[in-house]
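# give me the fold of what follows.
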Amino acid sequence: MCKKVRLSVCTLFLLLISCGEVSTSEQSITEVLKAPVQQAVGFDGEVIRLGVLADLTGPGSNLDRARLAGIETFWAEVNKSGGIGKRVLVELLLVDHQGEPAAAAIEAFSLAESVVSFAFISEVAAGAAYPILVNENILAVSPTSTLDWESDPRFLTHSVPVEIMILTLFESFPRAKWCVLADRSPLGTNVSASVGVAEDLSDLKQGVLIIEPSAKSKEILTNDRCSHLFVELSEGWHQEELTELSYDGLIFKRAASAGSHESQLRAQEIAIDLTPQWRVDSAVGMREFMAALIRHTPDALADSRLRDGYVSQIRLYDILERAFTSGEVTRSRLREIADDSGPVNMRSFVEDIDVTNKPKVLPRAIGLFSSGGEEPDDRGWSRLQVVEPTDMNVNSMFSKQLGD
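Residues are numbered from 1 along each chain as shown. As a prediction, the model looks like this:
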């Protein structure tokens, strides 16, 4: 399509020259279409290549495959509309690290030779790939936000940091007997480490019990000890093992790990999700997202994990557009724009991101959903309430205490 546009403009340009009537606006159009954009690693002048480092066959494959479907849908939609700057297409280079950090480090090093940025680096791979990001000055999209990653400009995150999520829950249910079931995955470790700080800031009436998944977990998880349970299991335990627990209190899980529409939540399970509600007419972004799914992933079911992958690409797209317009799609240029890009329109999925704010303004409101309630959305979930931290300075307080 781009070649046809160039041909039409050039034809018009020659006709006008022959008539001696070339206007300034027509010259400007021709200059824009022919304006050179500097080639660089990951950009050959025709295609921009982005890396994807995911667990596609290992223990986290269900989660990463769902998020990858959203990522691929986003860029398919961009390419359908002409690509970046309506001139160059985007290609995703996929690598499977199988849930192994060592393999992720090797694959990240290899991908760095061919991509301008990483469109996705899973939680397992984030720590392993970080040295490569630093040495090569590369941006990367991280699917789950933590305060550590939020403070590093190389990671483009959009979701509520898990530390803020824990604090929000403790503040919202201060009289509950809280337990946290978390594994030793990178994200599970972050959750466990944040409990003490969140407990102090929220002034819980009772202490928090941290439990690691093991054969004894089922004995520890009793209603006498735990009335409210937050679960972060990236490795080992699966949904089936969790349902075998003889525990009938409230179980809180991130929507990204709560499964798809096919495996609906039990009555006592609460899904933690970003606003807005999962309805096509609830926001402009949701309408765009659902339309993109129909066009590019027609067999996909309503799934928060797929939506998270889609939304995660919005800021990277904005940076690439600005870089292309400036005539330089290089890693250093992308970093410059990411460090001082002003407001980013998140299309009503979450709060707009303005990286010029110091400290950063993080999206903090989270929705609590359950199945089997009134007015269910397309996933079969009903919204219970929307909660957020009560302390407006919680980000700086949390960062300071975690740093100490």
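
# dump the residue contacts of residue 172.
By C-beta atoms under 8 Å, 6 or more residues apart in numbering, the residues touching residue 172 are residue 387. For the C-beta atoms, the positions are set from N, CA and C on the backbone; glycine is no exception.

# same question, the one 4 residues further on
For residue 176, the residues meeting the contact criterion (C-beta under 8 Å, 6+ apart) are 204, 206, 227, 228, 250.

# from residue 365, how far out is the closest residue to the last one other than its chain neighbours?
Right, residue 250. Computed as C-beta to C-beta, 6 or more residues apart in numbering, the closest residue to residue 250 that is not its neighbour in sequence is residue 228, at 4.9 Å. For residue 228, the distance to residue 365 equals 20 Å [C-beta to C-beta, to the nearest Å].

# of those two, which one has the most company?
residue 228 (20 against 14; other C-beta atoms under 10 Å).

# correct me if wrong: that one contacts residue 253.
No. Counting by C-beta atoms under 8 Å, residue 228 stays clear of residue 253, with 12.0 Å between them.

# what ranges do the strands span in the stretch 101-250 of the chain?
Counting by DSSP state E, counting those that start in this stretch, the stretch 101-250 of the chain has strands at residues 117-121, 140-141, 155-156, 178-182, 209-211, 228-232, 250-254.

# quick one: residue 335 from residue 355, how far?
Taking C-beta to C-beta, one finds residue 335 at 12 Å from residue 355.

# now do the shared contacts for those two.
Shared contacts of residue 335 and residue 355, counting by C-beta under 8 Å, 6+ apart, come down to residue 153.

# neighbours around the residue lying closest to residue 113 once chain neighbours are set aside, how many?
Of all residues not flanking residue 113 in the chain, residue 41 sits nearest, at 7.3 Å (C-beta to C-beta, 6+ apart). Residue 41: 16 surrounding residues under other C-beta under 10 Å.

# just the one 4 residues further on next, same as before
With neighbours defined by other C-beta under 10 Å, the count for residue 45 comes to 13.

# does it sit in a helix, a strand or a coil?
coil (DSSP: H, G, I helix; E, B strand; the rest coil).

# in the lengthiest helix in the chain, what's buried?
Scanning the chain for the helix with the most residues, using DSSP state H, yields helix 61-80. Using 16 or more other C-beta atoms under 10 Å as the test for burial, helix 61-80 gives 61, 63-75, 77-79.

# of the contacts of residue 176, buried ones?
Buried members of the contacts of residue 176, counted by 16+ other C-beta under 10 Å: 204, 227, 228, 250.

# list the contacts of the third one.
Meaning residue 228. For residue 228, the contact set (C-beta under 8 Å, 6+ apart) comprises 169, 173, 176, 177, 178, 179, 249, 250, 252.

# what does the pLDDT read for the first one?
The reference is to residue 169. Note on residue 169: pLDDT of 95.

# now do the last one
At residue 252, the model reports a pLDDT of 94.

# give me the number of residues near it?
Residue 252: 21 neighbours (other C-beta under 10 Å).

# any idea what it is bridged to?
When bridges are called by DSSP bridges, residue 252 pairs up with residue 230, residue 270.

# dump the residue contacts of it.
Residue 252 touches 169, 228, 229, 230, 231, 269, 270, 272, 368, counting by C-beta under 8 Å, 6+ apart.

# relative to residue 329, how far out is it?
Distance from residue 252 to residue 329, by C-beta to C-beta: 42 Å.

# likewise the second one?
The gap separating residue 173 from residue 329 is 47 Å, by C-beta to C-beta.

# look at the two and report which has more neighbours.
residue 329 (27 against 18).

# now the more buried one: how far from residue 137?
Residue 329 is 14 Å from residue 137, by C-beta to C-beta.

# what does stretch 152-159 contact?
Identification of contacts with stretch 152-159 by C-beta under 8 Å, 6+ apart yields 126, 130, 133-134, 138-145, 149-150, 274, 308, 311-312, 314-316, 319, 335, 338-339, 346, 349-350, 353, 355, 363.

# what are the buried residues along that stretch?
154, 155, 156, 157, 158, 159.

# any idea how far the longest helix of the chain is from the chain center?
Offset of helix 61-80 from its chain centre (C-alpha atoms, centre = their mean, to the nearest Å): 11 Å.

# any idea which helix or strand comes after it?
Helices and strands here follow DSSP states H and E; after helix 61-80, the next one along the chain is strand 89-96.

# now that next one against strand 117-121, angle please.
With axes from the mean of the first three to the mean of the last three C-alpha atoms, to 10 degrees applied, the angle from strand 89-96 to strand 117-121 works out at 40 degrees.

# what pairs with strand 89-96, parallel or antiparallel?
Under the criterion DSSP bridges, strand 89-96 sits next to strand 47-54 (parallel) in its sheet.

# just the CA coordinates for the partner strand, please, in PDB.
The C-alpha trace of strand 47-54 is given here as PDB (Å, rounded to 0.1, in the frame of the first residue of the first chain):
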ATOM      1  CA  VAL A  47      11.100  -3.700   9.000                       C
ATOM      2  CA  ILE A  48      11.400  -3.000  12.700                       C
ATOM      3  CA  ARG A  49      12.300  -6.100  14.600                       C
ATOM      4  CA  LEU A  50      11.300  -6.600  18.300                       C
ATOM      5  CA  GLY A  51      12.400  -9.500  20.500                       C
ATOM      6  CA  VAL A  52      10.100 -11.700  22.600                       C
ATOM      7  CA  LEU A  53      11.700 -13.800  25.300                       C
ATOM      8  CA  ALA A  54       8.900 -16.000  26.800                       C
END
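
# residues contacting that strand, please?
Residues contacting strand 47-54 (C-beta under 8 Å, 6+ apart): 42-43, 64-65, 67-68, 71, 75, 83-84, 88-97, 104, 107-108, 111-112, 114-122, 125, 129, 316, 320, 329.

# rounded mean pLDDT for that strand, please.
98.

# before we move on, what about stretch 157-165?
88.

# and it, how far apart are its ends?
One end of stretch 157-165 to the other measures 15 Å (C-alpha to C-alpha, to the nearest Å).
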